[in-house]
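S.K.: What shape does this take:
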Amino acid sequence: MEELRKIVRAHYRVGSKQVQALAHDLFDSMDSDVDGLIDLPEFLAFMRQEGHYQMNNPYFFKELDRDGNGTLDF
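M.R.: Model (predicted):
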């Protein structure tokens, strides 16, 4: 999972403004309560809505939640 994080960060840093804006738009589309954070219910709802059934589980979310605070931030 850490290797995936590094790859995503590297692509974001060197990406065009358009790519960076798309990344922010994707994050914002998951953040249904617009608090700047994605919690487990928001994450699961988004994955279900988009048909990403393999990622629609709390264990995957937990792997993404590096600091263990129950939320993801940009």
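S.K.: Please enumerate the strands of the chain.
M.R.: Using DSSP state E, the strands of the chain run over 37-39, 71-73.
S.K.: Quick check: neighbours of the first one in the sheet, parallel or antiparallel?
M.R.: Under the criterion DSSP bridges, strand 37-39 sits next to strand 71-73 (antiparallel) in its sheet.
S.K.: before we move on, back to that, export the strands of the chain to a markdown table and append columns for mean pLDDT.
M.R.: What follows is the strands of the chain, written out as a markdown table (pLDDT from 0 to 100):
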| stretch | mean pLDDT |
| --- | --- |
| strand 37-39 | 98 |
| strand 71-73 | 96 |
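S.K.: Include distance to Gln18 and mean neighbour count when you put these into TSV, please.
M.R.: Where C-beta positions appear, they are placed from N, C-alpha and C, glycine not excepted. Output for the strands of the chain, formatted as TSV (distance: least, CB to CB, whole Å; neighbours: other CB atoms under 10 Å):
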stretch	distance to Gln18	mean neighbour count
strand 37-39	22	19
strand 71-73	22	16
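S.K.: would a markdown table of the ones you listed with distance to Gly15 be doable?
M.R.: Output for the strands of the chain, formatted as a markdown table (distance: least, CB to CB, whole Å):
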| stretch | distance to Gly15 |
| --- | --- |
| strand 37-39 | 20 |
| strand 71-73 | 19 |
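S.K.: right, so of the ones you listed, which gets closest to Leu64?
M.R.: Judged by CB to CB, the one of the strands of the chain that comes nearest to Leu64 is strand 71-73, at 5.7 Å.
S.K.: number of nearby residues for the residue nearest to Met30 when sequence neighbours are not counted?
M.R.: Distances taken as CB to CB, 6 or more residues apart in numbering place Phe46 nearest to Met30, at 4.4 Å, with adjacent residues excluded. Using other CB atoms under 10 Å, Phe46 has 18 other residues around it.
S.K.: quick one: contacts for Phe46?
M.R.: 29-30, 32, 38 (CB atoms under 8 Å, 6 or more residues apart in numbering).
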